[in-house]
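Colleague: Sequence first, predicted model second:
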Amino acid sequence: MSEARVRPERFDAFRDFIVSTVRAFPDRHPGLVSHEVLLAPPGTLLYVSRWRSEEDLVAYAGEHWRDQPVLLPGEDEYLIEPLQVRHFTPATAAG
């Protein structure tokens, strides 16, 4: 999951930029199981992606995927602060 803190006056433009960019991700990254863009106007946008395996995620995000977010060209011009990235794994049922 990556969290973007967006300049409020650029929020709509950033939303359009992200949605149009990630639209092609499933075709370009076969390990991507699902993804969605979540909005919390006027200043926060989340990109949540689910990957088939850690290897698929590494192929997309690089070897520093755990602590360095993937930045799209020009993305930082919309942001108030650096993009934050967090990774989650599914909880297993208690046995």
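Modeller: Right, received. Where do you want to start?

Colleague: List the contacts of the nearest residue to Pro30 once chain neighbours are set aside.
Modeller: Using C-beta to C-beta, 6 or more residues apart in numbering and skipping residues adjacent in sequence, the residue nearest Pro30 is Asp56, 7.5 Å away. In this view, the C-beta of every residue, glycine as well, is placed from N, C-alpha and C. Counting by C-beta atoms under 8 Å, 6 or more residues apart in numbering, Asp56 touches 29-32.

Colleague: can you check Val70 too?
Modeller: Neighbour list for Val70: 2, 60-62, 85 [criterion: C-beta under 8 Å, 6+ apart].

Colleague: if we go to 6 Å?
Modeller: Listed by C-beta atoms under 6 Å, 6 or more residues apart in numbering, the contact set of Val70 reads Ala61.

Colleague: So it, which state does it fall into?
Modeller: Counting by DSSP: H, G, I helix; E, B strand; the rest coil, the backbone at Val70 sits in coil.

Colleague: Would you mind measuring from it to Ala91?
Modeller: 25 Å (C-beta to C-beta, to the nearest Å).

Colleague: Please apply the same query to Leu45.
Modeller: Look at Leu45 and Ala91: by C-beta to C-beta, they are 25 Å apart.

Colleague: Neighbour count: the two, which is higher?
Modeller: More crowded of Leu45 and Ala91, by other C-beta atoms under 10 Å: Leu45, with 23 against 6.

Colleague: buried ones in the strand or helix carrying that one?
Modeller: Using DSSP states H and E, Leu45 sits in strand 44-51. Across strand 44-51, burial judged by 16 or more other C-beta atoms under 10 Å covers 45, 47, 49, 51.

Colleague: what do you get for stretch 31-48?
Modeller: Using 16+ other C-beta under 10 Å as the burial criterion, the residues of stretch 31-48 that qualify are 31-32, 43, 45, 47.

Colleague: got the contact list for the one helix or strand in the chain whose mean pLDDT sits lowest?
Modeller: Lowest on mean pLDDT, DSSP states H and E among the helices and strands of the chain sits helix 25-28, with a mean of 90. Contact with helix 25-28 is made by Leu32, as judged by C-beta under 6 Å, 6+ apart.

Colleague: Follow the chain on from it and name the next helix or strand.
Modeller: strand 32-40.
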